[in-house]
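A.B. asks: Provide a 3D model corresponding to the input given below.
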Amino acid sequence: MPMTASEALAALAALEDPKARAVNERHGDAHGVNLSKMRALAKQVGMSSDLARELWDSGDVAGQLLGLLIAKPRELSADEIDQMLRSTRSAKAHDWLVNYIAKKSPLAEELRLRWFEDADADARAAAWSLTSVRVQKTPAGLELGALLDRIESELRDAPSREQWAMNETLATIGIHHPALRERAVAIGERLQVLADYPTPPNCTSPFAPAWIAEMVRRQG
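C.D. replies: The predicted model follows:
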């Protein structure tokens, strides 16, 4: 018998760890479930977009995250994905929705265009994340110079989530498009966005000039 939404939520509640909740809440996520245990539960539950919808509608953050792990991206409409994006303020749910659903959806480009000029900064952040994928994989038709123009004028003062995603597009252009690399690096150097971001040893800095330099070095 497939697991019901109430059974899935009960299973998540049984995994609740107060210490994990305290850490997660500091990062904008109101749940206390270890993500490795959540992924194991997702494998047990199996893929089901219908169950994913019920879990999302529960409003429970852990339930929403589990739902994102078991949803089939091609079975969700653009309107559904849009509604999901706007109905959570969980940082992790937003991140997973973009990476596990929107990027893998056949409607990714439709969503990118829908969100690019949105009044909601979180929607624009999602659009920039989808733009980075296109810059790397399918850049034909993108006006990369115009993207750099917009990044140059908006990056410094953008809300944090949008800034992070826009910065990723800046770095992606510099990494994958040698003709624009010098300009991308110059924009990053001038704006200094994320220049002081604490980066653990052996990790790549999100500061675009450093990020570009490191990834180009690896390519060579």
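A.B. asks: now the lowest-mean-pLDDT helix or strand in the chain, how far from the centre of its chain.
C.D. replies: Here the helix or strand of the chain ranked lowest by mean pLDDT, DSSP states H and E is helix 18-26, holding a mean of 89. Centroid displacement of helix 18-26 relative to its chain, using CA atoms, centre = their mean, to the nearest Å, is 21 Å.
A.B. asks: Next secondary structure element downstream of it?
C.D. replies: helix 35-45 (DSSP states H and E).
A.B. asks: Dead centre of the chain: give me the residue that sits there.
C.D. replies: Nearest to the geometric centre of the chain sits D95, at 3.4 Å (CA atoms, centre = their mean).
A.B. asks: Which element, helix or strand, includes it?
C.D. replies: helix 91-96.
A.B. asks: Pull out the buried positions in that helix.
C.D. replies: Buried residues in helix 91-96, counting neighbours by 16 or more other CB atoms under 10 Å, are found at A91, K92, A93, H94, D95, W96. To be clear about C-beta, it is placed using only N, CA and C from the backbone, and glycine gets the same treatment.
A.B. asks: any chance of those in CSV, plus distance to A5 and pLDDT?
C.D. replies: What follows is the buried residues of helix 91-96, written out as CSV (distance: CB to CB, whole Å; pLDDT from 0 to 100):
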residue, distance to A5, pLDDT
A91, 23, 90
K92, 20, 93
A93, 16, 95
H94, 21, 95
D95, 23, 95
W96, 18, 97
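A.B. asks: circling back: alpha carbons only: can I get the helix holding D95 in PDB?
C.D. replies: Output in PDB follows, covering the C-alpha atoms of helix 91-96 (Å, rounded to 0.1, in the frame of the first residue of the first chain):
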ATOM      1  CA  ALA A  91      15.300  28.700   2.100                       C
ATOM      2  CA  LYS A  92      15.900  24.900   1.600                       C
ATOM      3  CA  ALA A  93      12.500  24.400   0.000                       C
ATOM      4  CA  HIS A  94      13.100  27.300  -2.400                       C
ATOM      5  CA  ASP A  95      16.500  25.900  -3.300                       C
ATOM      6  CA  TRP A  96      15.200  22.300  -3.800                       C
END
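A.B. asks: now that helix: how far from the chain's centre is it?
C.D. replies: Worked out by CA atoms, centre = their mean, helix 91-96 lies 6 Å from the chain centre.
A.B. asks: Show residues contacting it.
C.D. replies: 24, 27-29, 61, 64-65, 68-69, 85, 88, 122, 125-126, 161 (CB atoms under 8 Å, 6 or more residues apart in numbering).
A.B. asks: and if we set it to 10 Å?
C.D. replies: With CB atoms under 10 Å, 6 or more residues apart in numbering as the test, helix 91-96 has contacts from 24, 27-31, 35, 56, 61-65, 67-69, 71, 84-85, 87-88, 90, 102, 122-123, 125-126, 129, 160-161.
A.B. asks: how far does the host helix or strand of V216 sit from the chain's center?
C.D. replies: Here V216 sits within helix 208-219, counting by DSSP H and E. Centroid separation for helix 208-219 versus its chain: 21 Å, with CA atoms, centre = their mean.
A.B. asks: try stretch 84-101
C.D. replies: On the basis of CA atoms, centre = their mean, stretch 84-101 sits 7 Å off its chain's mean C-alpha point.
A.B. asks: Any idea how far apart the tips of it sit?
C.D. replies: Start-to-end span of stretch 84-101 (CA to CA, to the nearest Å) is 10 Å.
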